[in-house]
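>>> I would like to see how this sequence folds:
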Amino acid sequence: MDGIGKHLNAILFQRGIPKKQFAKQIGLSEQQLHAILSGNSLSTLETLEKISTALDVPTDFFLQDYGKQFLIFAIDDYFSKVDKSVAQATLDDLSYLLNEENSDG
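Numbers count the residues shown, from 1 in each chain. Sure thing, here's the model as predicted:
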């Protein structure tokens, strides 16, 4: 058990929240929640947000000792949901601003 699962297990235990009840509350099957709790599955950002909201804890709490694997997964998950043309335009704008800043300095 690591990362999200470790912290989620601790909160559920401390608050006396049954796992079956919590899975239903956040719209997951018991099997999906078990996979997250045991570290066999990475949660999507959307699921992580639901977990954080339901428990009233910041998302960062679950990520505080998670490694690069989650960051790569999170970035991939984000890019799968974002409008590619908007993302490219944003990257172009940022690149332009960085180049302007570097040429001024």
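>>> what's in contact with the longest helix anywhere in the chain?
Determined from DSSP state H, the single longest helix within the chain is helix 84-104. Helix 84-104 is contacted by residues Phe79 when judged by Cβ atoms under 8 Å, 6 or more residues apart in numbering. In this view, the C-beta of every residue, glycine as well, is placed from N, C-alpha and C.
>>> one more: stretch 27-38?
With Cβ under 8 Å, 6+ apart, stretch 27-38 has contacts from 1, 4-5, 8-9, 19-20, 22-23, 26, 41-43, 47, 50.
>>> number of residues surrounding Leu28?
Neighbours of Leu28 under the rule other Cβ atoms under 10 Å: 18.
>>> ugh, wrong one, Ser95
Neighbour count for Ser95, taken as other Cβ under 10 Å: 10.
>>> what about the strands in the protein?
With strands called from DSSP state E, the chain shows none.
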